[in-house]
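Asker: Predicted coordinates and the sequence they were generated for:
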Amino acid sequence: MKSSILLIIYLAIFNTTLSLLAEEAKKPHPNILVILVDDMGYADVSCYGDSPEVNTPNIDKIAKAGVLFTDGYVSGLQCAPTRAGLLSGKYQQRFGFYHNRAALKPTFLPQLTLPQALKTHGYRTGMIGKWHLGRHQEEERPYHRGFDEFYGFLQGMRNYMEHQPKSPLMRNEKVVKEKFGYLTDFLNREAVSFIERSNSEKPFFLYVAYNAPHYPLEAKESYLKKYNTGNPNRDKQLAMMASVDEGVGQMLNALKKKGMTDNTLIFFLNDNGGEIKRGADNGKLRAGKNSLYEGGPRVPFLVSWPNQIKPGQVISTPVISFDIFSTAVAAAGGKMPAGHVFDGKNMLPLLTGKSKEPLHQTFFWQQVKDKWAVRHENWKLVNQKGIIELYNLEDDLSETKDLASQETAIVEKLKNLYSKWDGQMKGFSPRP
């Protein structure tokens, strides 16, 4: 009798488990939206800064709906390397992509891309904006690198106000002729169009790579009139970000109208620190774009997914841009592609509160051969042509107190960590 009762209980549990698994399998995969801004200052989003002239209400909505990371990083110190790392899910140095000049060669071409991985899970994929990952061969371009649709330009920069034959706008493989207008408005329009043409039967991955507020500093007059900081470059930066913020709002509204808000995973971040000489504000962070100090790789980093992530969170656990690859694949219900080396980690356990364990203990940055940096836990070592500096980021976010001479054991530990990492990278010249 007892065995019969136990059997009935086991069968009930088994059937319940099968039902739960079946229900889980029926859940639609989320849409995934990655918004990447170009050369924005760390404090030039109002949810990160406290300057009265900064106002980005639509970008702030992403933070309010999900998570604001205080210690969000990118893997590069300038435009192209960060893009290479984000879309490959690994340190771009693994395949020799250390600096922008690598985009002039097919350095990125052999890498599996995030949209290619998501297409295997049934995703419709699109890219809007700045590519900067190779253009000389057709095989290097977005339309051949996993994106079903592409609207934007291939080079690292272009102006905003007029046609530019040397850096034309393209739709897939064809050059398009736009009427005179403002480039950021064009990108906003195309991003909204992509969302509006989506449906619930096929999830989408959309990568919106703004070139604003990268120079040349050109803003719409209607926005420029709103700012008078005393620094013309600063005013233009803020006006350019206002156009980006407008576009973010348009995308959020398009998702709402389609009933897709709750099941869309959104990432918002910057490709590197802002350029101070061109009016960007990195707040308390030292230096900016191209620098190994925190103003170079630490950026605004926001994530939302209302179906899964609690709103209004602030998380200080460090994350990095190439974590987006692993996180997106996990959200899509997939496994990381076999036969490839990845450095990114799945952020979902951290984002959903299922784990508080750090995803990474150590980060590395390198753009030129004799300059590199390591962050291990709260320690940050900076090497500039053999001159070593050490900072405790927990106590000294602005990196003003060099502790290298006092903490020699920590210096040696971080130098050894770098040596091991460097040995796994491709290097600046072919290794024997």
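Answerer: Noted; the coordinates are in hand.
Asker: drop to CA atoms for contacts and neighbour counts, all remaining ones
Answerer: Noted.
Asker: Tell me the spacing between the closest residue to residue 347 other than its chain neighbours and residue 203.
Answerer: Spatial nearest neighbour of residue 347, excluding adjacent residues (C-alpha to C-alpha, 6 or more residues apart in numbering): residue 327 at 5.5 Å. For residue 327, the distance to residue 203 (C-alpha to C-alpha, to the nearest Å) stands at 16 Å.
Asker: Next, the buried residues of stretch 175-183.
Answerer: For stretch 175-183, the neighbour count (16 or more other C-alpha atoms under 10 Å) marks 182-183 as buried.
Asker: how does the protein divide into domains?
Answerer: With domains defined by automatic domain parsing, the chain comprises 27-360, 363-424.
Asker: Straight-line length of the shortest one, end to end?
Answerer: One end of domain 363-424 to the other measures 14 Å (C-alpha to C-alpha).
Asker: now swap in the longest one and tell me
Answerer: Counting by C-alpha to C-alpha, the length from the leading to the trailing residue of domain 27-360 is 30 Å.
Asker: average model confidence for that domain?
Answerer: Taken as a whole, domain 27-360 has a mean pLDDT of 97.
Asker: Which pLDDT value goes with residue 8?
Answerer: pLDDT at residue 8 comes out at 58.
Asker: still on that earlier bit, looking at the domains of the chain, which one is packed in the most?
Answerer: Mean neighbour count (mean count of other C-alpha atoms under 10 Å) peaks for domain 27-360 among the domains of the chain, with a mean of 20.
Asker: In PDB, list the C-alpha atoms belonging to the helix or strand hosting residue 32.
Answerer: If you go by DSSP states H and E, residue 32 is part of strand 31-37. C-alpha atoms of strand 31-37 as PDB (Å, rounded to 0.1, in the frame of the first residue of the first chain):
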ATOM      1  CA  ASN A  31      13.500  40.900 -27.800                       C
ATOM      2  CA  ILE A  32      17.000  42.200 -27.300                       C
ATOM      3  CA  LEU A  33      18.000  45.900 -27.800                       C
ATOM      4  CA  VAL A  34      21.600  47.100 -27.400                       C
ATOM      5  CA  ILE A  35      22.000  50.900 -27.500                       C
ATOM      6  CA  LEU A  36      25.600  52.000 -27.700                       C
ATOM      7  CA  VAL A  37      26.600  55.700 -27.600                       C
END
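Asker: Give me the sheet partners of that strand and which way each runs.
Answerer: Using DSSP bridges, strand 31-37 pairs in its sheet with strand 204-209 (parallel), strand 264-270 (parallel).
Asker: Redo those as a markdown table? Include distance to residue 141.
Answerer: A markdown table is the format used below for the strands paired with strand 31-37 (distance: least, C-alpha to C-alpha, whole Å):
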| stretch | distance to residue 141 |
| --- | --- |
| strand 204-209 | 14 |
| strand 264-270 | 22 |
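Asker: Could you work out which of those reaches nearest to residue 317?
Answerer: Between residue 317 and the strands paired with strand 31-37, the tightest spacing by C-alpha to C-alpha is seen for strand 264-270, at 15.8 Å.
Asker: Contacts made by that closest one with the rest, please.
Answerer: Strand 264-270 is touched from outside by 30-40, 59, 62, 74, 299-306, 324, with contacts defined as C-alpha atoms under 8 Å, 6 or more residues apart in numbering.
Asker: again, but for stretch 389-401
Answerer: Outside stretch 389-401, the residues that reach it (C-alpha under 8 Å, 6+ apart) are 284-286, 293-294, 378-383, 402-404, 411.
Asker: what's the farthest-apart pair in those?
Answerer: Farthest-apart pair in the contacts of stretch 389-401 is 284 and 411; separation 24.1 Å (C-alpha to C-alpha).
Asker: For residue 242, grab phi and psi.
Answerer: Main-chain dihedrals, residue 242, degrees, to the nearest 10: phi -60, psi -40.
Asker: who touches it in this structure?
Answerer: 55-56, 223.
Asker: at 7 Å instead, please
Answerer: By C-alpha atoms under 7 Å, 6 or more residues apart in numbering, the contact set of residue 242 is residue 56.
Asker: Could you report the distance from it to residue 120?
Answerer: Distance, residue 242 to residue 120, by C-alpha to C-alpha: 36 Å.
Asker: ok so, going back, so which residues make contact with the strand holding residue 32?
Answerer: Outside strand 31-37, the residues within contact range by C-alpha under 7 Å, 6+ apart are 203-212, 263-271.
Asker: relative to strand 264-270, how tilted is the helix or strand that comes right after it?
Answerer: Sequence-wise, the next helix or strand downstream of strand 31-37 (DSSP H and E) is helix 57-65. Interaxial angle of helix 57-65 relative to strand 264-270 (axes from the mean of the first three to the mean of the last three C-alpha atoms, to 10 degrees): 120 degrees.
Asker: For the helix or strand just after helix 57-65, name the packing helices and strands.
Answerer: Downstream of helix 57-65, the first helix or strand assigned by DSSP H and E is strand 67-69. Judged by 3 or more C-alpha pairs under 7 Å, 6 or more residues apart in numbering; DSSP states H and E, strand 67-69 is in contact with strand 301-304, strand 313-315.
Asker: Quick check: which helices or strands does the longest one pack against?
Answerer: Contacts defined by 3+ C-alpha pairs under 7 Å, 6+ apart place strand 301-304 against helix 57-65, strand 67-69, strand 264-270.
Asker: So the nearest residue to residue 335 once chain neighbours are set aside: helix, strand or coil?
Answerer: Nearest non-adjacent residue to residue 335, counting by C-alpha to C-alpha, 6+ apart: residue 329, 6.5 Å away. Assigned by DSSP: H, G, I helix; E, B strand; the rest coil, the conformation of residue 329 is helix.
Asker: list the contacts for residue 329?
Answerer: Contact partners of residue 329, counting by C-alpha under 7 Å, 6+ apart, are 118, 335-336.
Asker: any idea of the pLDDT on residue 12?
Answerer: pLDDT, residue 12: 47.
Asker: Equivalent analysis for the one 3 residues further on, please.
Answerer: As predicted, residue 15 sits at a pLDDT of 46.
Asker: repeat for the one 4 residues further on
Answerer: According to the model's per-residue confidence, residue 19 sits at a pLDDT of 40.
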